[in-house]
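> next one to model:
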Amino acid sequence: MKNALIYCRVSTEEQVKEGYSLDAQEKFCAKFAENDDYRIVEVFRDEGKSATTLDRPALQDLLAKCQQDDSVDAVFVQETDRLARNTKDHLTIRAVLQKAGVKLVSVAQPMLDDSPEGNMIDTILASVNQFQSDLNSRKTKKGLQERFDQGWWPGWVPLGYLNVGVGGNADGRKAKKIIKKDPKRFDLIRKMFDMVLSGNYSVPQTHTIAVTE
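Below is the predicted model:
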């Protein structure tokens, strides 16, 4: 029996809006692997991680295992966008797996194989995944800008301020998010900056220890 790994990933947005589940992905891949006579030896899960970067702990661990463990024959994913939403990153992952002699199996995309046609479709899908990711990013930025233009504060609140909602429904939904001074911290933060700008502060002296041979 051949050995295989499973990689699952969800981002917070996908979990909420699309109903993706790490457990569902794992179950889907495990069932397919079992039917294809593979034994799952380890599952790697990235929760709340974007696929627009390779800097994901579980993904890095999976790639390291594939490079170091000759007994791994395949990696199962639900779809290729679980691995990457960036064409360059996807091709990099494929190259690493191919060099290690590990087959990539996309359970929901059986047309992807090692044939010339399969490789072409794989590259096209990787480009489509990046295109969709870029579109979502543009829509998000546009929405944030529109809220900002309307007087909202859509991002993280600066230190010394609080993010509060005004208006909205009785239960607080659809409230307009603005910022106001934090009564506990604002004056302290302002005083700190005033001291730095005026030079009216002292830096604790450091002690040096002479080392003799």
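> need the helix or strand of the chain with the lowest average pLDDT.
Every helix and strand in the chain was compared by mean pLDDT, DSSP states H and E; the lowest is helix 12-17, with a mean of 54.
> just checking, next helix/strand downstream of that helix?
helix 22-35 (DSSP states H and E).
> list the buried residues of that next one.
25-26, 28-30, 32-33 (16 or more other CB atoms under 10 Å). C-beta here means a position set from N, CA and C on the backbone, and glycine is covered the same way.
> so which residues make contact with it?
If you take CB atoms under 8 Å, 6 or more residues apart in numbering as the criterion, helix 22-35 is touched by 4, 6, 8-10, 39-40, 43, 45, 47, 74, 76-78, 82, 105, 107-108.
> show me which of those are buried.
Neighbour-count burial (16+ other CB under 10 Å) applied to the contacts of helix 22-35 gives 4, 6, 8-10, 40, 43, 45, 74, 76-78, 82, 105, 107.
> most widely separated two among those?
Using CB to CB, the pair of these lying farthest apart is Val10 and Ala74, separated by 21.6 Å.
> ok, back up a step: biggest separation within the buried residues of helix 22-35, which pair?
Gln25 and Ala33 (12.3 Å).
> any chance you could map the helices in the chain?
Applying DSSP state H to the chain gives helices spanning 12-17, 22-35, 57-68, 87-99, 116-149, 186-198.
> pick out the shakiest of those helices, pLDDT-wise.
Among those, helix 12-17 carries the lowest mean pLDDT, a mean of 54.
> was I right about Thr123 contacting Leu91?
Yes - here Thr123 reaches Leu91: they are 7.2 Å apart, a contact under CB atoms under 8 Å.
> how much space is there between the nearest residue to Lys181 once chain neighbours are set aside and Arg190?
Distances taken as CB to CB, 6 or more residues apart in numbering put Tyr161 closest to Lys181, at 6.2 Å, once the chain neighbours are dropped. Tyr161 sits 11 Å away from Arg190, going by CB to CB, to the nearest Å.
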